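Trainee: What follows is a protein structure lacking sequence information:
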Ligand SMILES: [Ca+2]
Ligand SMILES: [Ca+2]
Ligand SMILES: [Ca+2]
């Protein structure tokens, strides 16, 4: 169905990177969209979400966090995808996690990135020059990880969540939120009321008198809550609702998303927990519905997308039978369930079971051009991964590619400005020592610059954290 797309493979630097060829990747030379590029990176990009920052000319830079263990060799890589050049990488130890946030201040573009050691750093986007590093902890574990940074007040203030990871794997650091300014100076803090850890990133939407901030707490071994927190620049944070996870053995690891699920114009919040449950509440915390998966672990952020034809957003949620952080569960047979749920009611539109783990957040575009959005998921097993396009109407497979082992979210765009829809995604080697970035073009699918391809309000960071 997508004929004639040229397959062009290039390969760029990194130690031991040999030129690729189409045959190395097992791609047929017809019948599938074109692989335009693959780039190798040393290190583990499993948990890093891609971001793309366009400049005024429409060209731009792709940022990829490599959150390799040990943390001291983690780094952020930047490349211009149009010519496949890696333009800079940060120094080893400037660890990176979550979704790198592009910030435009006049003609100056910078990127904010979080670390696994309680830090946030700002770099000049064109050169990788450090601008500042803030929120430094006294040592690993004080704040735990920091996750995706979210802008509020026209990017004069930024919010970031932290918690969870510690240098001592038996200890989970209590979670919280920080608000800081464009120079990294902390203005306000919020502590998770039950001292639960945090692994998710906040969603923030305007809500009188400031912002409604939604964050999931709890983690991989204990319960937590989906919190509604008010934020104002003058008074800081104030908790106003908390919805508990459905079990005491898992909290909200995925990030919540925000959209109107009932068609009344008011925003709702959707979170997935580690108990196989999707929670939909109003942005005031009133219950809408819950839906249940037979598979427990929700590391993928839910996707809000209209699938049913009624013009109201629906929910796609993915759950896996293993938690990538816990070896005891990853030795279990790979299994996952992708649910499409009617926005107003939570009833199941379709359910798709896979013999892989879906850890990454789904994204959507109308790949088969039938007028209904299709759902792109990355499915991982111990040794391999694949990227699947599921028909948005019934969950059946539209097409698949034999790469995509990652928990980072892929991104849609038109990176070569030729009008054809492109997708960037990563595939991490089974030994987690190297990561390959793929650029796919769906040449027959027009890119629509007016729409957002991933998520819907809140959690625009798209990250799995
Ligand atoms: Ca709908
Ligand atoms: Ca479709
Ligand atoms: Ca393109």
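Mentor: Arrived safely, thanks for sending. Since this is a predicted model, take the numbers as computed values, not measurements. Ligands and ions are numbered 1, 2, ... in the order given.

Trainee: Give me the helices and strands touching the lengthiest strand in the chain, please.
Mentor: What stands out as the longest strand in the chain, according to DSSP state E, is strand 434-446. Contact partners of strand 434-446 among helices and strands, from 3 or more Cβ pairs under 8 Å, 6 or more residues apart in numbering; DSSP states H and E: strand 34-42, strand 60-66, strand 420-428. No exception for glycine: its C-beta is placed from N, CA and C like everyone else's.

Trainee: Now tabulate those strands in a markdown table and tack on distance to residue 267 and mean pLDDT.
Mentor: Putting these into a markdown table (distance: least, Cβ to Cβ, whole Å; pLDDT from 0 to 100) gives the following:
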| stretch | distance to residue 267 | mean pLDDT |
| --- | --- | --- |
| strand 34-42 | 37 | 83 |
| strand 60-66 | 28 | 88 |
| strand 420-428 | 28 | 92 |
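
Trainee: Can you tell me which residue of the stretch 151-300 of the chain sits closest to ligand 2?
Mentor: Among the residues of the stretch 151-300 of the chain, residue 259 lies closest to ligand 2, at 19.6 Å counting by Cβ to the ion.

Trainee: returning to that earlier point: closest to residue 338 out of the helices and strands packed on strand 434-446?
Mentor: With distances scored as Cβ to Cβ, the stretch of the helices and strands packed on strand 434-446 nearest to residue 338 is strand 420-428 (16.6 Å).

Trainee: now that closest one, how far from the centre of its chain.
Mentor: Distance of strand 420-428 from its chain centroid, counting by Cα atoms, centre = their mean, to the nearest Å, is 13 Å.

Trainee: wait, does that strand make contact with ligand 2?
Mentor: No. For strand 420-428, no contact with ligand 2 is found by Cβ under 5 Å from the ion; the gap never falls below 12.4 Å.

Trainee: So what angle separates the directions of that strand and strand 34-42?
Mentor: Angular relation of strand 420-428 and strand 34-42 on a 0 to 180 degree scale: 30 degrees, by axes from the mean of the first three to the mean of the last three Cα atoms, to 10 degrees.

Trainee: Compute the inter-axis angle for strand 420-428 and strand 434-446.
Mentor: Comparing the axes of strand 420-428 and strand 434-446 via the same axes, to 10 degrees yields an angle of 160 degrees.

Trainee: who in the stretch 201-350 of the chain is up against ligand 1?
Mentor: Neighbours of ligand 1 within the stretch 201-350 of the chain, by Cβ under 5 Å from the ion: 306, 308, 310, 312, 314.

Trainee: Most widely separated two among the residues you listed?
Mentor: Maximum pairwise distance among these (Cβ to Cβ): 8.7 Å, between 310 and 314.

Trainee: Strands of the stretch 101-250 of the chain, residue ranges please.
Mentor: With DSSP state E, counting those that start in this stretch as the definition, the stretch 101-250 of the chain shows strands at residue ranges 108-114, 120-124, 130-134, 145-146, 150-152, 157-164, 173-181, 186-191, 203-207, 210-216, 225-232, 236-244.

Trainee: swap that for the stretch 301-450 of the chain, sorry
Mentor: Under the criterion DSSP E, counting those that start in this stretch, strands of the stretch 301-450 of the chain are mapped to 303-305, 314-320, 336-341, 348-354, 363-365, 374-380, 385-390, 397-401, 411-413, 420-428, 434-446.

Trainee: same for the fourth one, what does it pack against?
Mentor: Under the contact criterion of 3+ Cβ pairs under 8 Å, 6+ apart, the helices and strands touching strand 348-354 comprise strand 336-341.

Trainee: Just the mean pLDDT for the strand it packs on, thanks.
Mentor: Averaged across strand 336-341, pLDDT comes to 98.

Trainee: which neighbours does it have in its sheet, and in what orientation?
Mentor: Sheet neighbours of strand 336-341, with direction, are listed as strand 314-320 (antiparallel), strand 348-354 (antiparallel) (DSSP bridges).

Trainee: So what touches the last one?
Mentor: Where contact means Cβ atoms under 8 Å, 6 or more residues apart in numbering, the residues beyond strand 348-354 that reach it are 291, 307-308, 314, 335-342, 377, 379, 388, 390, 393-396.

Trainee: Good, we can wrap up now.
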